[in-house]
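**Q** Requesting a structural model of the entry that follows:
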Amino acid sequence: MDAAPLFSRIRIATLLRWAAVWGPGLLVMLADTDAGQVVTAAQAGARWGYRLLPLVLLLIPMLYVVQELTVRLGIATGRGHGELIRERFGGGWAWLSMAGLAAGAIGSLVTEFAGVAGIGELYGLSRTLSLACAAALLLAVVATGSYRRVERTALVIGLFELAFFAVAWAAHPQLASLAGEAADLPLGSPEFRYLAAAIVGASFNPWMIFYQQSAVADKGLQIRDLRAARWDTAVGAVLTQLLTAAVVVAAAATLGFGKTGLASVGEISRAFSPVLGERAGRLIFSAGVLGASLVAAMVASLALAWGLGEVAGYRRSLEYRPFAAPWFYGAYAGCIIAAAALVWSVPDLVRLNIAAQVLNAFLLPLVIGFLMALARTALPESLRPRGWYWGLVLVVLAAVSGLACYGGIPA
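**A** I've put the predicted structure just below:
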């Protein structure tokens, strides 16, 4: 047999396998660049210029380390995060982790629907109509009963977030100002530290760990898929932080330094309008925020439904039809409807958006603690982090958790 055609077939099979593996990492990272992240990043650029840009970029390797451990656990054990905590440490600890997940997921869901409502109001749509349409779309997508179908749909929606790159490019940031402000960090300012904590909290959501581990297990990935899953996660980590950086750059370039605050998603959109023109600026920004909000709402709700199922012991898989797993789909639908109803009843949620990200910063030690404990107890010896890498991971994540909590304490 000719070696060349055989090599080509093997290569094509490998590429197809990689394409099948990719998804959970990219999706969870696109969801991480949600409406809350966009609002927080825009507030950072408007208030402090480019000064928080280094932090956004420094979080890339830390984000990868956290989610890569999640991938290892999902592949090696075939179990979700909550289920693994229950098996290893008991029901009490599992419900404690569930409480952290619920707080983070509910906070995120409120910010996502606030983003949808804000975009709807830009076009003169009532909250009732925009929120009802968004909730119906999210329920319909998940009701298909197929993880792969849900994943592909969410990835297509999430690609609209690439619009943020266009906004940042069109803003033409001054490199001299960027470099000067990035090196001038007012660490003595409680307000700066608070917003830095919000940036950290926006990057590390509890539902990210629950979602990606459950998605990897639900997708049936195996040890041979680990390398592809790592690349999936790495590309996602770089992409989400670059998207966040693009929002910071665009806000800093268009609004300058020192604006006291942004009142709504609409105000952020109007700030970008001079760069691209009112119609184009509004359309591009709206596409990015809507894509981010819908994907994040789907991921956060699924993470909460998966987590509840793992801890409580009911069926939890998108491979079951709704009537075969009523508690799973009921929990998902309940999250969506409750969050939409809450946003419908509250006037403006920009400050709540940032507060929700700071809450995530306070939850970070709990989330990281469980992840580190599982990495040392649930992984087989060959996959456990060890040596200098393990020591570096502990030091860096402990420092990030400590600084995030310190910054989140009001002066």
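
**Q** all helices of the stretch 1-150 of the chain, in order?
**A** In the stretch 1-150 of the chain, the helices defined using DSSP state H, counting those that start in this stretch lie at 3-21, 24-32, 35-48, 53-77, 81-89, 91-122, 127-142, 147-158.

**Q** Turn those into TSV, columns for mean neighbour count, distance to residue 203 and mean pLDDT.
**A** Heads up, the C-betas are built off the backbone N, CA and C, glycines and all. Below are the helices of the stretch 1-150 of the chain laid out as TSV (neighbours: other Cβ atoms under 10 Å; distance: least, Cβ to Cβ, whole Å; pLDDT from 0 to 100):
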stretch	mean neighbour count	distance to residue 203	mean pLDDT
helix 3-21	11	24	53
helix 24-32	28	7	75
helix 35-48	28	7	81
helix 53-77	21	5	89
helix 81-89	22	18	88
helix 91-122	23	12	83
helix 127-142	18	23	84
helix 147-158	18	16	66
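
**Q** Let's have those in CSV, adding distance to residue 296.
**A** Formatted as CSV, the helices of the stretch 1-150 of the chain follow (distance: least, Cβ to Cβ, whole Å):
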stretch, distance to residue 296
helix 3-21, 22
helix 24-32, 4
helix 35-48, 7
helix 53-77, 15
helix 81-89, 18
helix 91-122, 5
helix 127-142, 11
helix 147-158, 9
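
**Q** and of these, who's closest to residue 280?
**A** The minimum distance between residue 280 and the helices of the stretch 1-150 of the chain falls on helix 91-122, with 13.5 Å, by Cβ to Cβ.

**Q** now the angle between helix 81-89 and the closest one, please.
**A** Going by axes from the mean of the first three to the mean of the last three Cα atoms, to 10 degrees, helix 91-122 is angled at 160 degrees with respect to helix 81-89.

**Q** Next, the angle from helix 91-122 to helix 127-142.
**A** Using the same axes, to 10 degrees: helix 91-122 against helix 127-142 is 130 degrees.

**Q** Between helix 35-48 and helix 91-122, find me the angle.
**A** Using the same axes, to 10 degrees: helix 91-122 against helix 35-48 is 70 degrees.

**Q** Tell me which other helices or strands helix 91-122 touches.
**A** Applying 3 or more Cβ pairs under 8 Å, 6 or more residues apart in numbering; DSSP states H and E, one finds that helix 91-122 makes contact with helix 35-48, helix 81-89, helix 127-142, helix 206-219, helix 265-276, helix 278-312, helix 326-345, helix 350-377.

**Q** If you count contacts, what does the third one end up packed against?
**A** It refers to helix 127-142. Helix 127-142 packs on helix 91-122, helix 147-158, helix 278-312, helix 326-345, going by 3+ Cβ pairs under 8 Å, 6+ apart.

**Q** same deal with the fourth one?
**A** Counting by 3+ Cβ pairs under 8 Å, 6+ apart, the packing neighbours recorded for helix 206-219 are helix 24-32, helix 53-77, helix 81-89, helix 91-122, helix 147-158, helix 278-312, helix 350-377.

**Q** okay, those in TSV with distance to residue 409 next?
**A** Shown next, in TSV, are the helices and strands packed on helix 206-219 (distance: least, Cβ to Cβ, whole Å):
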stretch	distance to residue 409
helix 24-32	24
helix 53-77	18
helix 81-89	28
helix 91-122	17
helix 147-158	33
helix 278-312	25
helix 350-377	9
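
**Q** what about those helices, which gets the closest to residue 234?
**A** Residue 234 lies closest to helix 53-77 among those, at 5.5 Å (Cβ to Cβ).

**Q** between the closest one and helix 206-219, how big is the angle?
**A** Using the same axes, to 10 degrees: helix 53-77 against helix 206-219 is 30 degrees.

**Q** what angle separates helix 53-77 from helix 24-32?
**A** Going by the same axes, to 10 degrees, helix 53-77 is angled at 140 degrees with respect to helix 24-32.

**Q** CA atoms of stretch 39-55 as PDB?
**A** The C-alpha coordinates for stretch 39-55 follow below in PDB (Å, rounded to 0.1, in the frame of the first residue of the first chain):
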ATOM      1  CA  VAL A  39     -19.900  46.300  31.100                       C
ATOM      2  CA  THR A  40     -17.000  45.900  33.600                       C
ATOM      3  CA  ALA A  41     -14.400  46.200  30.800                       C
ATOM      4  CA  ALA A  42     -16.100  49.300  29.400                       C
ATOM      5  CA  GLN A  43     -16.300  50.800  32.900                       C
ATOM      6  CA  ALA A  44     -12.600  50.100  33.400                       C
ATOM      7  CA  GLY A  45     -11.600  51.800  30.200                       C
ATOM      8  CA  ALA A  46     -13.900  54.800  30.800                       C
ATOM      9  CA  ARG A  47     -12.800  55.300  34.400                       C
ATOM     10  CA  TRP A  48      -9.100  54.300  34.200                       C
ATOM     11  CA  GLY A  49      -8.100  54.400  30.600                       C
ATOM     12  CA  TYR A  50      -5.700  51.600  29.700                       C
ATOM     13  CA  ARG A  51      -4.500  51.100  33.300                       C
ATOM     14  CA  LEU A  52      -6.300  47.800  33.800                       C
ATOM     15  CA  LEU A  53      -5.300  46.300  30.400                       C
ATOM     16  CA  PRO A  54      -2.200  44.500  31.800                       C
ATOM     17  CA  LEU A  55      -4.300  42.700  34.400                       C
END
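
**Q** right, so of the helices of the stretch 1-150 of the chain, which gets closest to residue 248?
**A** Of all those, helix 35-48 comes closest under Cβ to Cβ, at 4.3 Å.

**Q** Counting by contacts, list what the closest one packs against.
**A** Using 3+ Cβ pairs under 8 Å, 6+ apart as the contact test, the elements touching helix 35-48 are helix 91-122, helix 190-203, helix 226-255, helix 265-276, helix 278-312, helix 350-377.

**Q** Run the angle between it and helix 278-312 for me.
**A** Interaxial angle of helix 35-48 relative to helix 278-312 (the same axes, to 10 degrees): 130 degrees.

**Q** So what's the gap between helix 35-48 and the chain middle?
**A** Chain-centre distance of helix 35-48: 15 Å, with Cα atoms, centre = their mean, to the nearest Å.

**Q** quick one, it and helix 190-203 angle?
**A** Counting by the same axes, to 10 degrees, helix 35-48 points 150 degrees away from the direction of helix 190-203.

**Q** any idea of the angle helix 35-48 forms with helix 226-255?
**A** Angle between the axes of helix 35-48 and helix 226-255 is 40 degrees (criterion: the same axes, to 10 degrees).

**Q** which residues does the spatially closest residue to residue 356 that is not a sequence neighbour contact?
**A** Using Cβ to Cβ, 6 or more residues apart in numbering and skipping residues adjacent in sequence, the residue nearest residue 356 is residue 107, 3.5 Å away. By Cβ atoms under 8 Å, 6 or more residues apart in numbering, the contact set of residue 107 is 36, 356, 359-360.

**Q** Fine by me, we can end here.
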